[in-house]
Every structure is written in C-alpha cells, then in structure tokens.
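**Q** the amino acid sequence is not available; the structure is as follows:
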C-alpha cells in the first residue's frame, strides 16, 4: 500500500488526490482551456475510478450567441486508449430519430500533461445519473409512473445494444443520465453559476509541508450537487445510456477482458468465473430496475466488500449452485440448503419484502424535491409488487442460461401497470 502524500480533502465526493501521479489523473482547474483553446472548463460534474468529468463551453460552436455547453470526460493516462470501446462502439450502434437513448461522442482529443497522455472525450451536456437518487439521504425515489418509464427506456436501450451484436458490460444506474431541458443548453456563464452555484474548491497540501509538484492541481473541485437539477426542474423525464468503455462485440470477446462493474451489480458468473455476456447485462439491468423503482440498491451493504455483498445476495436469492457454493467463503453463515442460520447476520429480506417496505421509512420533508419524485410514504401496491417480483426473479436467476433474455424483459407486463 502506497504511503499517503496529501492532507485529506474536505469533500467526500471527489477523486482520490493520491491518484494525481504518473499514469493517473490530469490536473485540471476551473478556467483551464484545452484543444488549442476550443474548450473552456466551467464546473465539475463528477468523477469515477478512471476519469474526472467536467462542464465546459465549446468556444468554436455557437448556440444562441454563446459557445455550446458540453461534458468533457478526462481519462487517466493509464486508461487512455485511442481505440477505446467508448469511442468505437457508439458509432456502430443503429440510431433513429424515434429511438435515441445513447449519448454520442461529439469530439475527442488528447492532452499531454505531467502524468502522461490523456484521452479527452466530449459529449452533449447531460444531467445526473439515476444512481444519484439512491445517494440522497432522505429516501427519495422517482414517481411510480416515471420509474417504470425510465426502466423501460433502459431496457429498450439494452435490447438495441444486444440486437446490434454488442455487450455493454457495465449496465448500471451510474450509466443512465437524465436529459436536460432545452433552456439549460442556452445558459450563459453567469446563468451556469446562478443555477448550479459557484464551484467550491479545497487547496491541495502535502502532509510533509512541502510544495506540491506539477502532477497535482493546486486545488480540487467539488462536483455540482445533483439534487439541484431535480429541485429546480432542470431535467426531462428521459435518460441516455453512457459509458461503453466495458463494451465489446459479442462475437469477439477480448481475451484480456477484466470486468469492472460495481460489486453490488456483478453477476455470479462474472464474480466467480470472470465471464461477461448478454446474460450478465440482464442481471445488472435487473439490479438497476429494482433500484429505479425502490430508490435504493438491491444489494448495497453498509460495508461494501465482495464477501458481504455476496452474503446479502445469497440471503436474498437463496443457495448458490455448485460449484460456486463450495467456494463461497461465508457459506458457514447458512444451512447447507442455503437458508440463513437463525438470528445470523445473513438473514436478509427477500425481493418481495424489500419492495413491500418501500415507503415505510420515508422522512417527512420540508421540500418535495421537484416534480420527478414520489410523495413520501407512498407504498407500492400489491399488484405491482407481484409483477415486479416475477420480472426480477426471472432476471436474477443464478445460472445465466436460466435467465430471461432482454426481449422478454421489455415485453413484461410490469411496464404497463
């Protein structure tokens, strides 16, 4: 384990400053310009394990007299590949005016810096992810009709991906972004900062008191609070699917493929055997549909470790099939038939029980949070619970060959409740 070099940041949701090193993140600040001055950084939108995400203005375009607002994804140097699937796969997807649920790459360029050569990918400006809702502290969730609508859009998008001959590889709520209303794209810089608030920064300091080097930004920037978009009604009731970085052609799976899906979305065949395929996409879509409707992840332990997550999965879905059961480290918490031992830590609610609990622990709020959210203490009725349990149990079968395909998913009656 590398020795920590920097004073911990005051913000929780920022990239790890320790990753500003050769092969890591590119140091960036508000006001920086890239690609010969074409793109000017306005705000921070987020970060992931392999990139930082920024709001920028394309000074070479013109929209209502202003340069166009765009999203820029700045990849770590060690994740920057010219032939990245994130650049290639979306160009091979069929598209039409009636079905446009993929965020297309608008531009890309490379930037050389003290940590290496970085790929920058430019997209249309989009809103926060569906996953952001589950991170709000007040048990918020989408309206029932909107949740089914968003789940249907995601399912139809995956159907198109599979019919085109591709595997997405990371089909989670982190990669479903809400579209923005038309007015947002016409904002001036002043309107950006009025609506999204001015960026908050924290100076980067070395633990040993020495000056930081060029590999590190002088300050880190906190991302825009995603709740602002919901509270101010800046979003459309529609999503786009993003991040094809883990995608590949189903007929030509990469030999060196390494799954990078979040642990609580990972299918058992991926977890135990490193296999990813259309069935794995269906598993992750099942987890996503539950989260979209319930407002919280299906398998989300308080302490996120692979062993704990797998224990929760077995507690919810039952005994793993052989040979996976015999390599499951926490099987001592269960009887041989897969039932949790009485009063043990592996006792977890079933999918049905979790859905029946929705609305029972809501906080009473001073603000409704915007028109997209369901009223607090709203329960899911029995008919919908029955239908959604039927769908999810078919999608979350342990053996991939036993799961339904995405065609059967999109035609399930739950979407028409």
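**A** Perfect, I can see it now. Since the model is a prediction, treat every value here as computed from it, not as a measurement.
**Q** right, and residue 147 touches residue 290 too?
**A** No: here residue 147 lies out of contact with residue 290, judged by C-beta atoms under 8 Å, at a distance of 10.3 Å. (C-beta placed from N, C-alpha, C; glycine too.)
**Q** higher neighbour count, the two?
**A** Using other C-beta atoms under 10 Å, the more surrounded residue of residue 147 and residue 290 is residue 290, with 25 against 22.
**Q** for the more buried one, give me its contacts.
**A** Residue 290 sits next to 297, 298, 351, 354, 355, 388, 392 when contact means C-beta atoms under 8 Å, 6 or more residues apart in numbering.
**Q** if we use 10 Å, what do you get?
**A** Contacts for residue 290 (C-beta atoms under 10 Å, 6 or more residues apart in numbering) come out as 151, 173, 296-299, 351, 354-355, 388-389, 391-392, 395-396.
**Q** out of these, who has the most neighbours?
**A** Using other C-beta under 10 Å as the neighbour criterion, residue 151 leads the contacts of residue 290 with 27 neighbours.
**Q** so that residue lies in a helix, does it not?
**A** Yes: remark: residue 151 belongs to a helix, assigned using DSSP: H, G, I helix; E, B strand; the rest coil.
**Q** is it correct that it is in contact with residue 289?
**A** Yes: here residue 151 reaches residue 289: they are 4.7 Å apart, a contact under C-beta atoms under 10 Å.
**Q** what is in contact with the two at once?
**A** Jointly contacting residue 151 and residue 289 under the rule C-beta under 10 Å, 6+ apart are 388, 391, 409, 414, 415.
**Q** which one is the third one nearest to, not counting chain neighbours?
**A** The reference is to residue 409. With C-beta to C-beta, 6 or more residues apart in numbering as the criterion, residue 409 has its nearest non-adjacent residue at 5.2 Å, and that residue is residue 155.
**Q** check the fourth one too.
**A** Spatial nearest neighbour of residue 414, chain neighbours left out: residue 387 (4.1 Å); criterion: C-beta to C-beta, 6+ apart.
**Q** please apply the same query to the last one.
**A** In space, residue 415 comes closest to residue 152 once its chain neighbours are excluded; the distance is 4.8 Å by C-beta to C-beta, 6+ apart.
**Q** please tell me how far that neighbour sits from residue 412.
**A** 10 Å (C-beta to C-beta, to the nearest Å).
**Q** shared neighbours of the two, anything?
**A** Joint contacts of residue 152 and residue 412 (C-beta under 10 Å, 6+ apart) are residue 289.
**Q** if we can go back for a sec, okay, now the residue nearest to residue 415: neighbour count?
**A** Residues within reach of residue 152, counting by other C-beta under 10 Å, total 18.
**Q** residues contacting it?
**A** Contacts for residue 152 (C-beta under 10 Å, 6+ apart) come out as 289, 292, 409, 410, 412, 414, 415, 416.
**Q** would JSON lines of these with distance to residue 13, secondary structure and neighbour count be doable?
**A** JSON lines is the format used below for those (distance: C-beta to C-beta, whole Å; DSSP: H, G, I helix; E, B strand; the rest coil; neighbours: other C-beta atoms under 10 Å):
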{"residue": "289", "distance to residue 13": "25", "secondary structure": "helix", "neighbour count": "28"}
{"residue": "292", "distance to residue 13": "21", "secondary structure": "helix", "neighbour count": "25"}
{"residue": "409", "distance to residue 13": "32", "secondary structure": "helix", "neighbour count": "25"}
{"residue": "410", "distance to residue 13": "33", "secondary structure": "helix", "neighbour count": "16"}
{"residue": "412", "distance to residue 13": "35", "secondary structure": "coil", "neighbour count": "19"}
{"residue": "414", "distance to residue 13": "33", "secondary structure": "helix", "neighbour count": "21"}
{"residue": "415", "distance to residue 13": "33", "secondary structure": "helix", "neighbour count": "18"}
{"residue": "416", "distance to residue 13": "37", "secondary structure": "helix", "neighbour count": "9"}
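**Q** so how many other residues sit close to the residue nearest to residue 106 when sequence neighbours are not counted?
**A** Nearest residue to residue 106 in three dimensions, chain neighbours excluded: residue 122, at 4.8 Å (C-beta to C-beta, 6+ apart). Number of residues near residue 122 (other C-beta under 10 Å) recorded here: 20.
**Q** swap in residue 329?
**A** Residue 329, neighbours per other C-beta under 10 Å, totals 10.
**Q** what's the answer for residue 339, then?
**A** Number of residues near residue 339 (other C-beta under 10 Å) recorded here: 15.
**Q** isn't it up against residue 319?
**A** Yes: contact between residue 339 and residue 319 holds when scored by C-beta under 10 Å: they sit 8.0 Å apart.
**Q** who's in contact with the spatially most central residue of the chain?
**A** Nearest residue to the geometric centre of the chain (C-alpha atoms, centre = their mean): residue 174, 1.0 Å. By C-beta under 10 Å, 6+ apart, the contact set of residue 174 is 46, 48, 129, 130, 131, 132, 242, 243, 261, 262, 265, 288.
**Q** phi and psi next, for it.
**A** Geometry field for residue 174 lists phi and psi as phi -70, psi -20, criterion degrees, to the nearest 10.
**Q** before we move on, what about the one 4 residues further on?
**A** Backbone geometry at residue 178, expressed as degrees, to the nearest 10, gives phi -70, psi 140.
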